[in-house]
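Visitor: Fold the following and give me the result.
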Amino acid sequence: MGKYRNKLEIVSDILSVVDNNDGARKTRIMHMANLSWELLNRYLNDLKEAGLLSLSSTDCYMLTLKGRRFLDRISEYSKRREKIEAQLKDVKNERVTLENLFSYA
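Guide: Sure, this is the predicted structure:
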């Protein structure tokens with residue numbers, strides 16, 4: 001079974017689509033962020049209200065300065081989280097190894 005994305009991952013995906021395309025319309029965001037139309041609209045409204053996205057006169061969503069800072073920060077957070085998760089996996093593997101050594105003693 002696939003892994004569901006959490007809210008931060010979805011927000012990051014939307015902001016990344018907008019940033020990578022120097023602005024994007026709803027359909028492009030929906031397809032590239034892999035969201036339903038209904039979910040996309042909810043997130044876009046939330047992101048506009050939070051000041052992370054703005055809507056241009058050509059119906060293009062643009063990343064605001066606040067959105068840029070958020071995207072940079074979430075990128076750093078994701079890198080740190082992945083590093084910590086890898087370390088945790090190593091610690092768990094070491095525990096299993098030690099338990100196996102103990103049971104053979």
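Visitor: G67 in helix, strand or coil?
Guide: Recorded secondary structure, G67: helix (DSSP: H, G, I helix; E, B strand; the rest coil).
Visitor: right, and it touches K48 too?
Guide: No. Here G67 does not reach K48: they are 9.9 Å apart, not a contact under CB atoms under 8 Å. Every C-beta, even on glycine, is put in place using the N, C-alpha and C of the backbone.
Visitor: Who has more neighbours out of those two?
Guide: For the pair G67 and K48, the greater number of neighbours falls to G67 (23 against 15), based on other CB atoms under 10 Å.
Visitor: Let me see the confidence value for that one.
Guide: On the pLDDT scale, G67 is placed at 96.
Visitor: Next, the contact list for it, please.
Guide: Residues near G67 by CB atoms under 8 Å, 6 or more residues apart in numbering: L15, V18, D19, L47, G51, L52, L53.
Visitor: rerun at 10 Å
Guide: Applying CB atoms under 10 Å, 6 or more residues apart in numbering to G67 gives the contacts 11, 14-15, 18-19, 47-48, 50-54, 61.
Visitor: ditto for S16
Guide: S16 makes contact with I29, M32, A33, L63, L71, I74, S75, according to CB under 10 Å, 6+ apart.
Visitor: Going by neighbour count, which of the residues you listed comes out on top?
Guide: L63 (25 neighbours).
Visitor: Pairing partners for that one in the sheet, please.
Guide: L63 forms beta bridges with L53, as assigned by DSSP bridges.
Visitor: My guess is it contacts I29. True?
Guide: No. Counting by CB atoms under 10 Å, I29 is not a contact partner of L63; they are 11.6 Å apart.
Visitor: the helices in this protein, which residues?
Guide: Taking DSSP state H to define them, one finds helices in the chain at 7-20, 26-32, 37-49, 65-104.
Visitor: most packed of those?
Guide: Comparing the helices of the chain by mean neighbour count (mean count of other CB atoms under 10 Å), helix 7-20 ranks first with a mean of 18.
Visitor: Measure how that helix sits relative to helix 37-49, angle-wise.
Guide: Orientation check (axes from the mean of the first three to the mean of the last three CA atoms, to 10 degrees): helix 7-20 against helix 37-49 gives 80 degrees.
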